[in-house]
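>>> what follows is a predicted protein model with its sequence.
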Amino acid sequence: MPRRPGLSARLKLTLSYAGFLLIAGVLLLAVVWVFLLRYVPDAAFVPGPWGCRPGLPSPPSVPTRGDLQRAFLPRAFQALAFLLVFGLLGGWLLAGRMLAPLTRIADAARMAAGGSLSHRIRMEGPGDEFRELADVFDTMLEQLESHITEQQRFAANASHELRTPLAISRTLLEVARNDPGRDQRELIDRLHTVNTRAIDLTEALLLLGRSDRRNFAREPVDLSLLAEEAAETLLPLAERRHITLEVTGETARTSGSAALLLRMATNLLQNAIVHNLPAGGTVRVHTGTRHDASVLRVENTGPPLPPDLVPTLTEPFQRGTERARTDEHAGVGLGLAIVHSIVRAHDGTLDLAPRPTGGLLVTVRLPGAPRPS
């Protein structure tokens, strides 16, 4: 919408300063009139000793109220005019000085609107309201720049990951077209594998975007039941890999999306099963409550993890190359990233720590829900 023309904030403050100063001057003059001039007599008063007797000196001249008014009012109007001019000039300078921080903030906002998010105000001086506003604005710019950088990196990685299966599919189709005698069953199996991977990646991206937007309804959820359901679903995978799956603990109630939290538990268990020892490994799942928080803990055996690798595991498309894995469940690099996004959307925390004997310990803490009465 087009902006309607109006007075600037600096001009408004200037007029306010001048107006208040003028009103203060008028009130001061009114006080002089009420408490001084009103007690001056209208006619001349001659004291007794002089009178009109011959030979006595002339009585002193005593000004009347009219005399004082004629002398006082012009000077009063001159003083008011001076106060008005002084208020306008002083108010303009003071308003400019007071609004200078807002000008810096507005310039930074215009730069941010133009696409430059690296600029910071970094206002110095006392911690007044303008300094607080500038600091909040700098924090917002920093978070916005970090978020946009993360989204750009994620979009680039996602496009690269999606391009790979599509390029493989195109290559397989070109090979089949150029070699009609090639085994069609092998081609179909490879296309099925590639397309399945593309579909899994697309679904993971959609799920990640849904959890980031937090557009889900909240309902009471028991993490212990979700852990048991995820373990039952992944039990065949654990048995094929000769991995022992243990689920223990107690009721851990929270509030959130049951579907997203189930996906969180499933991703954690699948990650613990896939990235484990080649055979004879163990995955332990435990649920409980601690300090008004519902806790889900998943730990697995495996080779030792470098400490500098663990913090990167929740980043999109970052895979732990040092962990044991096979091509059967190579994944799309979004398992723990989705877990992190779901936990963050439920106002929880996700902690990853390497086990001294090898493997990973993952602890999820979510706000606890009150027990039903």
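Good, I have the coordinates.
>>> so what's the gap between the lowest-mean-pLDDT helix or strand in the chain and the chain middle?
Ranked by mean pLDDT, DSSP states H and E, the weakest helix or strand in the chain is helix 184-213, scoring a mean of 76. From the chain centre to the centre of helix 184-213 is a distance of 32 Å (C-alpha atoms, centre = their mean, to the nearest Å).
>>> and for stretch 267-282?
The chain centroid and the centroid of stretch 267-282 are separated by 36 Å, computed with C-alpha atoms, centre = their mean.
>>> how about Thr251, what does it touch?
Asp222, Ser224, Thr287, Thr289 (C-beta atoms under 8 Å, 6 or more residues apart in numbering). C-beta: built from backbone N, CA, C; applies to glycine.
>>> the last one: what secondary structure?
Classification of Thr289 into helix, strand or coil gives strand, according to DSSP: H, G, I helix; E, B strand; the rest coil.
>>> just give the closest residue to His242, not the sequence neighbours.
Ala279 (4.4 Å; C-beta to C-beta, 6 or more residues apart in numbering).
>>> burial count for Leu305?
Neighbours of Leu305 under the rule other C-beta atoms under 10 Å: 20.
>>> so it, which state does it fall into?
Classification of Leu305 by three-state DSSP places it in coil.
>>> wait, isn't it in contact with Pro354?
Yes - in this structure, Leu305 is within contact of Pro354 by C-beta atoms under 8 Å, at 4.1 Å.
>>> joint contacts of the two?
Both Leu305 and Pro354 are in contact with Leu360, where contact means C-beta under 8 Å, 6+ apart.
>>> buried stuff in stretch 225-240?
Leu225, Leu226, Ala227, Glu228, Ala230, Ala231, Leu234, Leu237, Ala238 (16 or more other C-beta atoms under 10 Å).
>>> quick check: phi and psi at the residue lying closest to the fourth one once chain neighbours are set aside.
This points to Glu228. Nearest residue to Glu228, sequence neighbours excluded (C-beta to C-beta, 6+ apart): Val247, at 5.7 Å. Phi and psi for Val247, reported as degrees, to the nearest 10, are phi -120, psi 120.
>>> can you count the residues close to Val247?
Neighbour tally, Val247, other C-beta under 10 Å: 19.
>>> now it, which residues is it bridged with?
Val285 (DSSP bridges).
>>> quick one: residues contacting it.
Ala227, Glu228, Ala231, Val285, His286.
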